[in-house]
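Asker: Have a look at this fold, sequence not included:
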């Protein structure tokens, strides 16, 4: 095997659309009474999934891995693997697969809209950079005597723009490095403090945790046992909070006290837990609350995208006006000198 093949194998991963298709197929087959080994055989015979991924699934099955472990080998997101691992604990795999499919479809829809929002401004910005380079090389030498602010803008805007992009990349990689040095809980506590972003993080974590807790509690799993189950999961944040929650319970504090102590969740979650425990319907209420939280999360993402698009176009429009001003001011200045 040469280096290119090795790199291809290391980076091979199902696209989001193919992940949705695979989850949908598996869910339908599970509902039809198929076992995991029969599902893998069906996928192989039907040719609906690439041979590379079939071999990975069969390898995991032969090694005695669980369904969630097999999807982890296929490089599914940690949150999805955790959801399925918990579903294997509470025995509601088919229901969880349906929820995962719905969530992935929403994510795919948002991703498509983001690409639509970003594509036109990006192409326009690239076009503007080429215009500015052309102005710099052909117009400025003829206006050499009038080197004012406008001329300076044309000369340096491509460099400034590329420098800005490079700075963003540096900030991104430094942030990523800093993130890895922190525990997941510490990182999330910092993220919820970021304006605009923080509310999205809170809603996502609230919806994610409340759904899994609701499923487990509805199956009469003890809260301490839930903590132990959480500690065995792939998701860093889920695992770490499992340890923290157990420590809080060991100190004699209540479940809702732990939720109030950590600002990574919305305030309503602690109230739902407190009220649900009084009514002995906590599992069902958490699941209903999770659905509402997911709906609110995706609605807010949609609204944010609708807000971002006009802002991006406004910035591009301002840049175009700046270029026209930078191009015309020296010309009018020269005409004034001639008159």
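Answerer: Everything's here; your move. Please read all numbers here as calculations on a predicted model, not as lab measurements.
Asker: When you work out contacts or count neighbours from here on, use the C-alpha atoms and nothing else.
Answerer: OK.
Asker: Going by secondary structure, residue 194 is in what exactly?
Answerer: Secondary structure from DSSP states H and E places residue 194 outside every helix and strand.
Asker: List the contacts of residue 106.
Answerer: residue 298 (Cα atoms under 8 Å, 6 or more residues apart in numbering).
Asker: Start the count at 31 instead of 1 going forward.
Answerer: All right, first residue 31 from here; so that's residue 136.
Asker: low-scoring stretches of the stretch 131-280 of the chain, by residue?
Answerer: In the predicted model, the stretch 131-280 of the chain carries pLDDT under 70 at residues 165-166, 168-188.
Asker: can you rerun that using 80?
Answerer: For the stretch 131-280 of the chain, the stretches with pLDDT under 80 are 143-144, 146-192, 195, 205, 208-210, 249-250.
Asker: For the most centrally placed residue in the chain, give its distance to residue 107.
Answerer: Of all residues in the chain, the one closest to the mean position by Cα atoms, centre = their mean is residue 137, 8.1 Å from it. Look at residue 137 and residue 107: by Cα to Cα, to the nearest Å, they are 12 Å apart.
Asker: cool, and residue 155?
Answerer: In terms of Cα to Cα, residue 155 sits 33 Å off from residue 107.
Asker: Tell me which of these two has more neighbours.
Answerer: residue 155 (16 against 12; other Cα atoms under 10 Å).
Asker: residues near the nearest residue to the more buried one once chain neighbours are set aside, how many?
Answerer: Spatial nearest neighbour of residue 155, excluding adjacent residues (Cα to Cα, 6 or more residues apart in numbering): residue 346 at 7.2 Å. A count of neighbours around residue 346, defined by other Cα under 10 Å, yields 17.
Asker: what mean pLDDT does stretch 73-89 have?
Answerer: Across stretch 73-89, the average pLDDT comes to 86.
Asker: Start and end of that stretch, how far apart?
Answerer: End-to-end for stretch 73-89, by Cα to Cα: 14 Å.
Asker: got the buried residues for the host helix or strand of residue 71?
Answerer: Using DSSP H and E, residue 71 sits in helix 66-76. For helix 66-76, the neighbour count (16 or more other Cα atoms under 10 Å) marks 66, 69, 70, 72, 73, 74 as buried.
Asker: Kindly provide the distance from the first one to residue 94.
Answerer: Counting by Cα to Cα, the gap between residue 66 and residue 94 amounts to 12 Å.
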